[in-house]
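Undergrad: requesting a structural model of the entry that follows:
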Amino acid sequence: MKNFTKKIIIFTKLHKFWSAIISIAIIFVLYFLYTIIFPASTTVQYTFSRVKKGDLVISVAGSGQVSTLSKVSIKPNTTGQTQTLGQIISVKVQNGDSVKAGQIVAILDGKNALQTLNQAKASVTSAQASYDKLVNGLTDFQLLSLNNALTSAQISLDNTKQNILIKLKNAYTLAANSVYLNTDQFIIDSSSNNPNIFVEGVNFTDQQLQNNVNQGRYNIGSILDNWKKIIDSQSTSDNLVLNLNTAISNLNVIRSYFDDMTMLFGVNSVGLDLASQSAIDSDKNLSASARSAMDSSISDLTSVLQSYNSAIFSLQQAKDNLAIQQKPPLADDLAVSQANLDNAKANLSNAQTAYDSRIITAPFDGQIGGLTASIGQQVSSSDSLATLITAEKVVNVTLNEVDAAKVSAGNPVNITFDSLPNVSLTGSVSYIDPLGTVTQGVVSYSVQIKMDSQNDQIKTGMTATVSIVTTTHANTLIIPNSAITTTGGKKYVLVADTSSSTMPNFSGNFNNGSSTDAFSTSSRRYFASSTFASSVGTSTGRQFRNSASSSRSSQGITMQFPVTQVEITTGLSNNTTTEVLSGLNEGQLVVTKKTTVSGTTTKTTASTATTNTRGGFGGGFGGGAAGAVGGLGRTLGGN
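TA: Presented below is the predicted three-dimensional model:
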């Protein structure tokens with residue numbers, strides 16, 4: 001024995017690789033023999049769910065933001081081009097106020113609008129009269145009025161001519177008196193060829209300006225002489241426009257003369273004593289007054305010249321008007337007159353709208369925000385005075401084209417809010433945008449959801465999650481999706497045969513989510529006190545434990561509890577539940593999960609249908625002509 005052991009040690013040292021291979025092989029052989037002599041026990045656990053009737057809901061999920069149903073700027077209700085409407089005289093609302101449709105927001109003074117309205121009315125009246133006159137011709141009264149207008153225009157022109165003669169004479173007289181009587185007292189030899197301005201005790205410091213005054217006085221002498229000749233011989237038959245322009249030109253020359261004199265006395269003269277300084281001030285006032293008189297006379301003659309031109313135009317217009325009105329109307333004239341009348345009426349309509357818009361009202365029920373209107377503010381037709389927001393809020397979400405195709409207006413909706421976990425509302429789809437938006441090749445559609453009730457906690461801009469119910473099948477048979485397996489295009493479930501004759505007589509509550517066991521007194525005698533304490537089902541059903549033997553155990557009783565594979569026909573389904581159309585009845589138990597325990601190893605799988613034809617149970621399901629998957633030994637209350 002010692003030699004054999006020594007030989008083994010020597011062999012191991014010389015052949016380390018083969019020694020390792022032989023050692024591993026021996027270990028595998030020993031383990032294989034051990035598993036045959038001492039096989040590990042295998043236990044299978046099932047989770048069952050009750051077939052029941054309920055409502056199957058198919059929905060589409062999405063998220064979006066809360067927004068107001070409608071938001072508009074409150075502006076004056078006007079048409080046409082931008083126009084100034086007037087000042088705000090009253091503001092009837094504040095930010096945050098709730099208003100009704102038609103409620104007054106602000107009031108404008110409306111003075112400008114009223115003036116425009118009155119002018120528009122007058123224009124319509126005039127245009128209507130013109131059109132009627134073309135169509136009907138002149139009446140005796142109208143002809144008399146036209147002749148009277150012509151006569152009046154002629155009289156006005158004659159009066160204007162007489163007024164011009166008077167104005168021209170007055171202008172000459174004023175100029176002559178200002179020169180001869182008021183300022184020639186400063187001029188030595190005023191009527192000679194060398195007039196000279198002189199004031200005793202005064203030195204003039206600007207020789208050029210002094211020379212300008214002297215030369216101006218010399219020129220004025222001849223101007224006044226010639227002007228007097230015209231005044232003495234003037235009549236209404238003269239070229240009065242020429243006479244007026246000549247007089248205005250003369251007055252400008254004389255004014256310039258007085259302007260130089262005023263400047264000379266003002267800043268370019270020095271008095272040698274107090275008396276001479278006082279004389280300077282007095283002389284400056286006289287020359288300045290004469291200059292102002294010339295300004296007034298120039299303005300007066302300019303005005304009368306405009307009146308004269310206007311009178312001539314009015315007379316010619318009266319003559320032309322009489323001639324035109326006495327002619328029969330032409331077709332083109334009628335068309336133009338009709339167009340003028342239509343235009344006047346359109347302007348009147350716009351003016352009436354503008355006048356009415358002085359009272360600015362809310363277009364619909366809502367809440368005031370962004371108020372900018374204030375008393376005294378000037379408002380134009382384009383100004384926004386406030387924003388009106390509807391009190392009603394909606395949820396706007398975006399769905400992809402697949403989900404959008406499933407949604408229709410009126411679909412009920414469940415709504416939750418990220419920032420309000422305790423608030424849950426219902427609503428309905430009110431609008432689906434028919435125009436999709438393409439972003440990076442993905443088409444999406446906007447969906448608006450109306451809430452059935454409003455909640456003050458919900459604010460605009462909050463994030464909302466929605467579940468849009470597209471289809472509902474009420475009171476239909478339903479089972480969990482995990483109970484269904486598919487083989488060869490057909491759908492199957494595993495059904496517990498609770499009517500087996502080997503099953504003890506007991507009643508139990510296997511409803512989904514139940515946390516209590518309801519067994520009759522006669523039933524509980526088959527189970528130890530801890531029977532169901534360790535086998536309470538999850539939210540998907542009740543777990544039972546199965547062992548390979550069918551003998552009575554010290555912890556409970558082992559019984560036969562067959563499970564049958566059944567083909568079913570399904571209808572609608574959602575993420576968790578499927579509708580069963582045929583193959584099952586309400587109250588049956590179906591397998592939703594299988595847990596295999598071998599020694600210390602546990603393997604959990606969903607319910608799986610197989611085509612294994614072997615009988616018995618060993619982790620799979622036995623076949624059988626009747627579709628029974630083996631006679632499963634079920635331990636109720638075992639560990």
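Undergrad: so which residues of the stretch 101-250 of the chain form helices?
TA: Chain-ordered helices for the stretch 101-250 of the chain, with DSSP state H, counting those that start in this stretch as the definition, fall at 111-136, 140-177, 207-233, 240-267.
Undergrad: again with the stretch 401-550 of the chain
TA: With DSSP H, counting those that start in this stretch, the ranges of helices along the stretch 401-550 of the chain come out as 401-404, 521-524.
Undergrad: least confident of these, on average?
TA: The minimum mean pLDDT among these belongs to helix 521-524 (a mean of 31).
Undergrad: circling back: out of the helices of the stretch 101-250 of the chain, which comes closest to residue 339?
TA: Put simply, out of the helices of the stretch 101-250 of the chain the one that sits nearest residue 339 is helix 111-136, at 9.4 Å, with distance taken as Cβ to Cβ. Using the backbone N, CA and C atoms, a C-beta is placed for each residue, glycine as well.
Undergrad: how would you label residue 60: helix, strand or coil?
TA: For residue 60, the assignment made with DSSP: H, G, I helix; E, B strand; the rest coil gives strand.
Undergrad: what of the one 4 residues further on?
TA: For residue 64, the reduced secondary structure class is strand; criterion used: three-state DSSP.
Undergrad: just checking, it touches residue 399?
TA: No - assessed by Cβ atoms under 8 Å, residue 64 is found out of contact with residue 399, at 9.3 Å.
Undergrad: tell me the residues that contact both of the two, please.
TA: Counting by Cβ atoms under 8 Å, 6 or more residues apart in numbering, the shared contacts of residue 64 and residue 399 are residue 447.
Undergrad: tell me the confidence at the most centrally placed residue in the chain?
TA: With distances taken as Cα atoms, centre = their mean, residue 71 lies nearest the centre of the chain, 6.3 Å away. Confidence per residue is given as pLDDT, and for residue 71 that number is 75.
Undergrad: and what of residue 25?
TA: The predicted structure scores residue 25 at 83 on the pLDDT scale.
Undergrad: ok, back up a step: phi first, then psi, for the residue nearest to the centre of the chain.
TA: Backbone dihedrals for residue 71, given as degrees, to the nearest 10, come out at phi -150, psi 120.
Undergrad: break this protein down into its structural domains.
TA: Here the domain assignment for the chain is 2-39, 45-54+477-636, 71-110+358-388, 117-137+330-353, 152-325, based on automatic domain parsing.
Undergrad: where does the prediction get shaky in the stretch 451-600 of the chain?
TA: The model of the stretch 451-600 of the chain has pLDDT under 70 over residues 500-561, 597-600.
Undergrad: recalculate using a threshold of 50.
TA: 501-560 (pLDDT under 50).
Undergrad: please enumerate the strands of it.
TA: For the stretch 451-600 of the chain, the strands defined by DSSP state E, counting those that start in this stretch cover 463-480, 485-487, 490-496, 542-547, 557-560, 563-573, 577-582, 589-598.
Undergrad: next, format those strands as CSV and append distance to residue 103 and mean neighbour count.
TA: Formatted as CSV, the strands of the stretch 451-600 of the chain follow (distance: least, Cβ to Cβ, whole Å; neighbours: other Cβ atoms under 10 Å):
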stretch, distance to residue 103, mean neighbour count
strand 463-480, 31, 18
strand 485-487, 65, 13
strand 490-496, 63, 21
strand 542-547, 65, 21
strand 557-560, 80, 18
strand 563-573, 50, 17
strand 577-582, 52, 18
strand 589-598, 62, 20
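Undergrad: re the thing from before, rank the domains of the chain by mean pLDDT and give me the bottom one.
TA: domain 45-54+477-636 (a mean of 58).
Undergrad: test my guess that residue 459 contacts residue 65.
TA: No - Residue 459 is beyond contact range of residue 65, at 10.3 Å (criterion: Cβ under 8 Å).
Undergrad: distance of residue 260 from residue 217?
TA: 10 Å (Cβ to Cβ, to the nearest Å).
Undergrad: how about residue 31?
TA: Using Cβ to Cβ, one obtains 147 Å as the distance from residue 31 to residue 217.
Undergrad: who has more neighbours, those two?
TA: Neighbours per residue (other Cβ atoms under 10 Å) separate residue 31 from residue 217, with residue 217 holding more: 25 against 10.
Undergrad: am I right that the more buried one is in contact with residue 254?
TA: No - assessed by Cβ under 8 Å, residue 217 is found out of contact with residue 254, at 10.1 Å.
Undergrad: tell me, what's touching the two both at once?
TA: Residues within reach of residue 217 and of residue 254 at once, by Cβ under 8 Å, 6+ apart, are residue 179.
Undergrad: from residue 153, how far off is residue 485?
TA: With distances taken as Cβ to Cβ, residue 485 is found 111 Å from residue 153.
Undergrad: packing partners of the longest helix seen in the chain?
TA: Secondary structure of the chain per DSSP state H: the longest helix is helix 274-325. For helix 274-325, the helices and strands in contact under the criterion 3 or more Cβ pairs under 8 Å, 6 or more residues apart in numbering; DSSP states H and E are helix 140-177, strand 202-204, helix 240-267, strand 269-271.
Undergrad: partner strands of the second one, parallel or antiparallel?
TA: If I follow you right, that is strand 202-204. strand 269-271 (antiparallel) (DSSP bridges).
Undergrad: in the strand it pairs with, which residues are buried?
TA: Within strand 269-271, the residues that qualify as buried are 269, 271, counting by 16 or more other Cβ atoms under 10 Å.
Undergrad: cool, and stretch 142-161?
TA: Neighbour-count burial for stretch 142-161, counted by 16+ other Cβ under 10 Å, picks out 146, 149, 150, 153, 156, 157, 160, 161.
Undergrad: residue 563 versus the nearest residue to residue 568 once chain neighbours are set aside, what's the distance?
TA: Using Cβ to Cβ, 6 or more residues apart in numbering and skipping residues adjacent in sequence, the residue nearest residue 568 is residue 583, 3.3 Å away. As for residue 583, its distance to residue 563 is 15 Å (criterion: Cβ to Cβ).
Undergrad: likewise for residue 119?
TA: From residue 119 over to residue 563 the distance is 98 Å, taken as Cβ to Cβ.
Undergrad: before we move on, back to that, mind checking the helices of the stretch 101-250 of the chain for the one nearest to residue 186?
TA: helix 240-267 (7.5 Å).
Undergrad: which strands or helices does the closest one pack on?
TA: For helix 240-267, the contact count by 3+ Cβ pairs under 8 Å, 6+ apart identifies helix 140-177, helix 207-233, helix 274-325 as packing neighbours.
Undergrad: got the contact list for stretch 315-331?
TA: Contacts to stretch 315-331, defined as Cβ under 8 Å, 6+ apart, come from residues 133-135, 137-138, 142-143, 146-147, 149-150, 152-154, 156-157.
Undergrad: so for it, what gets flagged as buried?
TA: Judged by neighbour count (16+ other Cβ under 10 Å), stretch 315-331 contains these buried residues: 315, 318, 322, 325, 329.
Undergrad: can you tell me which helix or strand residue 54 belongs to?
TA: Counting by DSSP states H and E, the secondary-structure element that holds residue 54 is strand 52-68.
Undergrad: what pairs with that strand, parallel or antiparallel?
TA: When DSSP bridges is applied, strand 52-68 pairs with strand 393-400 (antiparallel), strand 463-480 (antiparallel).
Undergrad: can you put the ones you listed in CSV and add distance to residue 408?
TA: Listed next are the strands paired with strand 52-68 as CSV, based on distance: least, Cβ to Cβ, whole Å:
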stretch, distance to residue 408
strand 393-400, 12
strand 463-480, 8
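Undergrad: looking at these, which is closest to residue 432?
TA: Nearest to residue 432 among the strands paired with strand 52-68 is strand 393-400; the distance by Cβ to Cβ comes to 8.6 Å.
Undergrad: picking that back up, report the angle between the axes of the strand holding residue 54 and strand 563-573?
TA: Angle, strand 52-68 to strand 563-573, by axes from the mean of the first three to the mean of the last three Cα atoms, to 10 degrees: 30 degrees.
Undergrad: what's the first helix or strand after strand 52-68?
TA: Beyond strand 52-68 on the C-terminal side, the first helix or strand identified by DSSP H and E is strand 71-74.
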